[in-house]
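Chemist: A structural model of the following input is requested.
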Amino acid sequence: MPSNYDIGIKEAFLVAFPSFFQRVTGLQIHSLKEENLELQATLKRTLDYVAKVQIVLPEGGQKEYLLHIEFQTRNHPQMHLRMLEYYTLLYRKYGLEVLQFVVYLGNENLKMQTIITHENLEFRYSIIDLRKYPAVDFLNAPTLEESILAILGDYGTLDADQIVEKILKKILSTPNLSKFETDKYITHLQNFAYLRGVQSVVNYRLKVMSIDYDITKDLRYIQGREDGMLIGIEKGIEKGIEKGMEKGMWLEKHNIAIQALIEGLEESTIMRITGLSLQEIEQLKKSLH
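Modeler: Coordinates of the predicted model:
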């Protein structure tokens with residue numbers, strides 16, 4: 001996950017990792033020590049997360065493993081081969097059994113292969129697909145870091161707007177949070193919401209709840225500046241900026257509406273969060289068929 005945006009996603013997720021890991025795998029970590037994430041081979045490999053862990057065994061006692069996690073926001077057609085390669089390199093370096101997980105943060109249907117079965121080889125790794133875990137379980141978690149993951153879970157009978165509202169209320173009701181900490185949690189929420197295609201829902205809810213949030217802290221905004229997307233602003237090309245922003249906002253609204261239609265959101269909800277008319281949404285709906 002090379003971009004600043006992806007790095008931010010990983011770092012935000014790992015804050016909630018110990019509690020989350022036990023929730024979704026049933027494995028209790030007794031102790032954890034992070035390891036160097038780079039492996040030297042014919043080609044240099046940088047892994048997302050590696051740690052030595054002491055796992056509490058069901059029958060009692062503990063066992064040391066190497067824990068390896070990769071974060072994916074998209075399906076990778078050769079993920080099973082990558083994970084096999086990583087396992088071999090890690091086992092060779094540490095001599096420990098490796099517990100391997102891919103945490104899938106994407107919005108498209110999961111398609112990655114997890115098993116390799118040959119005559120002389122059997123290999124498998126595990127995928128944690130957050131969309132399969134009830135969002136309400138995350139909402140009720142004891143930490144804000146884990147509660148924010150609700151935006152990536154299974155909404156059940158709720159919609160995205162209701163999930164976002166509950167998360168923001170929990171952030172705002174947490175005592176003794178500084179403005180910096182509040183902005184940090186909202187930024188994490190913004191980044192995860194982007195992965196589900198509902199960042200405009202967060203923006204809408206921030207506006208409705210009159211929450212003061214600095215958009216310049218958003219990692220996509222920062223990445224855009226670094227990629228030169230906002231250079232025109234700094235050069236003061238006001239007319240071009242206005243046209244570009246209008247076009248960008250128009251495209252964002254339509255992209256969000258299309259994603260929302262694919263996700264099955266109600267048309268009334270899409271109208272509310274995008275500002276598009278019912279006629280515009282119906283036209284977009286026809287274009288999907």
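
Chemist: Which element, helix or strand, includes residue 164?
Modeler: Assessed by DSSP states H and E, residue 164 sits inside helix 160-173.

Chemist: Would you mark the buried spots in that helix?
Modeler: Across helix 160-173, burial judged by 16 or more other CB atoms under 10 Å covers 160, 161, 163, 164, 165, 166, 167, 168, 170, 171. Glycine gets a C-beta too; all of them are placed from N, C-alpha and C.

Chemist: domains for the protein, by residue range?
Modeler: In terms of domains, the chain is parsed into 4-132, 159-287 (source: automatic domain parsing).

Chemist: re earlier: ok, so of the buried residues of helix 160-173, who is nearest residue 135?
Modeler: Nearest to residue 135, judged by CB to CB, of the buried residues of helix 160-173 is residue 163 at 5.5 Å.

Chemist: Poorly predicted segments of this structure, please.
Modeler: For the chain, residues meeting the criterion pLDDT under 70 lie at 1-12, 36-45, 214-252, 263, 289.

Chemist: Now do the strands in it.
Modeler: Shown for the chain, the strands assigned by DSSP state E span residues 28-34, 38-39, 45-46, 49-56, 62-72, 98-104, 115-118, 121-124, 126-129.

Chemist: and the fifth one, what other elements does it pack with?
Modeler: In terms of contacts (3 or more CB pairs under 8 Å, 6 or more residues apart in numbering; DSSP states H and E), strand 62-72 is packed against helix 4-15, strand 49-56, helix 79-94, strand 98-104.

Chemist: what do you get for the fourth one?
Modeler: With contacts defined as 3+ CB pairs under 8 Å, 6+ apart, the secondary structure elements packing on strand 49-56 are strand 28-34, strand 62-72.

Chemist: ok so, going back, can I get the buried residues of helix 160-173 in CSV with distance to residue 186?
Modeler: What follows is the buried residues of helix 160-173, written out as CSV (distance: CB to CB, whole Å):
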residue, distance to residue 186
160, 16
161, 16
163, 14
164, 10
165, 13
166, 14
167, 9
168, 7
170, 12
171, 7
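
Chemist: now, which of these sits nearest residue 60?
Modeler: Lowest distance from residue 60 to the buried residues of helix 160-173 (CB to CB) belongs to residue 170, with 36.5 Å.

Chemist: which residues sit in contact with that closest one?
Modeler: Applying CB atoms under 8 Å, 6 or more residues apart in numbering, one finds that residue 170 lies in contact with 139, 144, 147.

Chemist: I'd like these as TSV, with neighbour count and distance to residue 70 appended.
Modeler: Shown next, in TSV, are the contacts of residue 170 (neighbours: other CB atoms under 10 Å; distance: CB to CB, whole Å):
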residue	neighbour count	distance to residue 70
139	20	26
144	20	25
147	23	24
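
Chemist: gap between the closest residue to residue 133 other than its chain neighbours and residue 185?
Modeler: Leaving out its chain neighbours, the residue that sits closest to residue 133 by CB to CB, 6 or more residues apart in numbering is residue 153, at 4.9 Å. For residue 153, the distance to residue 185 equals 17 Å [CB to CB, to the nearest Å].

Chemist: How about residue 258?
Modeler: Distance from residue 258 to residue 185, counting by CB to CB: 29 Å.

Chemist: out of the two, which sits in the more crowded spot?
Modeler: residue 185 (21 against 17; other CB atoms under 10 Å).

Chemist: quick one: the more buried one and residue 144 touch, right?
Modeler: Yes: in terms of CB atoms under 8 Å, residue 185 counts as a neighbour of residue 144; the distance is 5.4 Å.

Chemist: Identify the contacts common to those two.
Modeler: By CB under 8 Å, 6+ apart, residue 185 and residue 144 have these common neighbours: residue 171.
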